[in-house]
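> Quick one, structure for this:
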Amino acid sequence: MKNSLFYCVILFLITGCHPFEKYGYISIKNQTDHQITDLKITYISAQKTYSLGTLYPYSEYKYAINYEEHNEDSINFSYRDKNHQNITYEVAPYTAKYDKKNYEITIQKK
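Residues are numbered from 1 along each chain as shown. Alright, predicted model coming up:
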């Protein structure tokens with residue numbers, strides 16, 4: 001009896017103290033020696049693009065996914081590299097308000 005009570009208390013503390021994420025995030029890391037410019041997040045179905053600006057060398061940007069305006073959608077990420085080439089990644093083929101997943105993009109030296 002004591003063991004089951006102990007495990008219930010531990011389980012309650014673990015689940016009760018765990019913060020619930022309100023948002024899903026896209027973490028963008030620049031692991032190059034050069035800044036990347038013209039960062040954009042595009043919601044495909046909504047055809048809405050958000051400009052994020054510039055990401056400096058060895059820095060990171062954390063973007064909160066906008067579920068209020070884009071409940072179910074696909075997300076692309078694009079940027080311009082040091083050679084002024086436009087590069088696009090599919091971050092999430094499908095996102096939904098109930099998922100609240102986190103995605104990570106790491107831009108590395110080639």
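> going forward, measure contacts and count neighbours with C-alpha atoms only.
Fine.
> now the residue nearest to the spatial centre of the chain, nearest residue through space, not along the chain?
To find the centre residue of the chain, average its C-alpha atoms and take the closest one (C-alpha atoms, centre = their mean): that gives residue 26, at 1.1 Å. Leaving aside its chain neighbours, residue 26 sits nearest to residue 103 (4.7 Å; criterion: C-alpha to C-alpha, 6 or more residues apart in numbering).
> what's around residue 39, how many residues?
Residue crowding around residue 39 was assessed by other C-alpha atoms under 10 Å; the count is 20.
> pretty sure it is touching residue 61, no?
No. The criterion here is C-alpha atoms under 8 Å, and residue 39 misses it with residue 61 at 10.3 Å.
> for this protein, what's the longest strand?
Of all the segments of type strand in the chain, defined by DSSP state E, the longest one is strand 86-96.
> got the angle between whatever helix or strand comes next after that one and strand 86-96?
Next along the chain after strand 86-96, taking DSSP states H and E as the criterion, comes strand 103-108. Here strand 103-108 runs at an angle of 160 degrees relative to strand 86-96 (axes from the mean of the first three to the mean of the last three C-alpha atoms, to 10 degrees).
> hang on, the earlier thing: residues shared between the contacts of residue 39 and residue 61?
Counting by C-alpha atoms under 8 Å, 6 or more residues apart in numbering, the common neighbours of residue 39 and residue 61 are residue 55.
> For the protein, which segments count as strands?
25-31, 36-43, 48-55, 59-64, 72-80, 86-96, 103-108.
> circling back: ok, the residue nearest to residue 26 - contacts?
Contacts of residue 103 were listed using C-alpha under 8 Å, 6+ apart, and they are 24, 25, 26, 27, 91, 92.
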